[in-house]
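*Asks:* this one's structure only:
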């Protein structure tokens, strides 16, 4: 699936961009299904927002209970001072998470793809396990910032094996909040771990290495249909979306079953919903 040059680039930089990985029809089906999920969501169920600022404190019961189901989360700026939505519900949702890849037929079909399985093998995931899926809206005007982080913070294993598969469902530009990464940053240390003990979560600081700045960070603009794959230790970030257009994306977080998945990671699976690969 991947060329030798792409494999070498992934090892060197910690990420690759594969153009035109998903078709316009596949994207349209996923976007339509996400719209249906949002339409069916009753804000009376929860007004939970998603934020990466002080994430341990912001992780409420609605978030923790979303580990193995499908739930919607609002943008941090979705509500006005009066507590009411400032725009339509469909333009207020930050993301849907976190088990659509196993529980929803449309998301399952998008995920369980022979091409994706081949790409995962080429990146070294011999026994892939898909722990989490997220549909990210990055809404126009209010799309929230995602602070610098490493995905291994949330999906620790020994050794670290988590790989992220990030699908651009719309064009991602600097203006609408594309990803920023630090090329080669995956060779640095894991800086923090998000730990769960029952309903209690903490962010454990491991290393004081500073996050990237403008001198080392580069934007990862992508076209709709492109797939970005990156190493779990790669520092990455996205700015707020103040533009008039959204930046929809779909992500999967995948480890290798040959590594030891931490029992303190926030998402765990058992026989009722076993973790699966791409096949």
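*Replies:* All right, it came through fine. What you see is a predicted model; the values in this text were computed from it and never measured. Numbering: from 1, shown residues only.
*Asks:* where does the closest residue to residue 64 other than its chain neighbours fall, phi/psi-wise?
*Replies:* Closest residue to residue 64 apart from its sequence neighbours, by C-beta to C-beta, 6 or more residues apart in numbering: residue 199 at 6.1 Å. Yep, even glycine has a C-beta here, placed from its N, CA and C like the rest. Taking degrees, to the nearest 10, you get phi -100, psi 10 for the backbone angles of residue 199.
*Asks:* For residue 199, grab the count of nearby residues.
*Replies:* For residue 199, the neighbour count with other C-beta atoms under 10 Å is 10.
*Asks:* isn't it right up against residue 62?
*Replies:* No: the criterion here is C-beta atoms under 8 Å, and residue 199 misses it with residue 62 at 11.8 Å.
*Asks:* Need the overlap of contacts for these two.
*Replies:* Among the neighbours of residue 199, none is also in contact with residue 62 (C-beta atoms under 8 Å, 6 or more residues apart in numbering).
*Asks:* Against residue 51, how distant is the residue nearest to residue 64?
*Replies:* Distance, residue 199 to residue 51, using C-beta to C-beta, to the nearest Å: 19 Å.
*Asks:* same question, residue 222
*Replies:* For residue 222, the distance to residue 51 equals 24 Å [C-beta to C-beta].
*Asks:* cool, residue 239 as well?
*Replies:* For residue 239, the distance to residue 51 - C-beta to C-beta - is 14 Å.
*Asks:* Give me the pLDDT value at the closest residue to residue 69 other than its chain neighbours.
*Replies:* Distances taken as C-beta to C-beta, 6+ apart place residue 99 nearest to residue 69, at 5.8 Å, with adjacent residues excluded. Here, the pLDDT recorded for residue 99 equals 98.
*Asks:* my guess is residue 99 contacts residue 273, does it?
*Replies:* Yes: here residue 99 reaches residue 273: they are 7.3 Å apart, a contact under C-beta under 8 Å.
*Asks:* who's more crowded, these two?
*Replies:* Counted by other C-beta under 10 Å, residue 99 and residue 273 do not tie: residue 99 has more neighbours, with 21 against 14.
*Asks:* Quick check: that one vs residue 269, distance?
*Replies:* Applying C-beta to C-beta to residue 99 and residue 269 gives a distance of 9 Å.
*Asks:* Give the residues shared as contacts by the two.
*Replies:* Common neighbours of residue 99 and residue 269 are listed as residue 68 (criterion: C-beta under 8 Å, 6+ apart).
*Asks:* re earlier: for the residue nearest to residue 69, what are its contacts?
*Replies:* Residue 99 sits next to 66-70, 132-133, 273 when contact means C-beta under 8 Å, 6+ apart.
*Asks:* Near the closest residue to residue 273 other than its chain neighbours, how many other residues are there?
*Replies:* Counting by C-beta to C-beta, 6+ apart, residue 68 is the residue found nearest to residue 273 once chain neighbours are left out, at 5.3 Å. By the measure other C-beta under 10 Å, the count of residues near residue 68 is 18.
*Asks:* Show the pLDDT at residue 68.
*Replies:* 96.
*Asks:* Residue 253 and residue 201, how far apart?
*Replies:* 17 Å.
*Asks:* So between these two, which is more surrounded?
*Replies:* residue 253 (22 against 19).
*Asks:* Can you say which helix or strand has the more buried one in it?
*Replies:* For residue 253, the element it lies in under DSSP states H and E is strand 249-256.
*Asks:* After that strand, heading C-terminal, what element do we hit next?
*Replies:* Strand 249-256 is succeeded, C-terminally, by strand 260-261 (DSSP H and E).
*Asks:* helices or strands up against that following strand?
*Replies:* Counting contacts by 3 or more C-beta pairs under 8 Å, 6 or more residues apart in numbering; DSSP states H and E, strand 260-261 packs against strand 157-158.
*Asks:* So what touches the strand it packs on?
*Replies:* The contact list for strand 157-158, computed with C-beta under 8 Å, 6+ apart, reads 255-256, 259-262.
*Asks:* got the residue ranges for the strands in the stretch 1-150 of the chain?
*Replies:* Taking DSSP state E, counting those that start in this stretch to define them, one finds strands in the stretch 1-150 of the chain at 15-18, 70-74, 93-98, 128-136, 146-149.
*Asks:* mind checking which of those strands is nearest residue 45?
*Replies:* The minimum distance between residue 45 and those falls on strand 70-74, with 8.3 Å, by C-beta to C-beta.
*Asks:* Cheers, nothing more for now.
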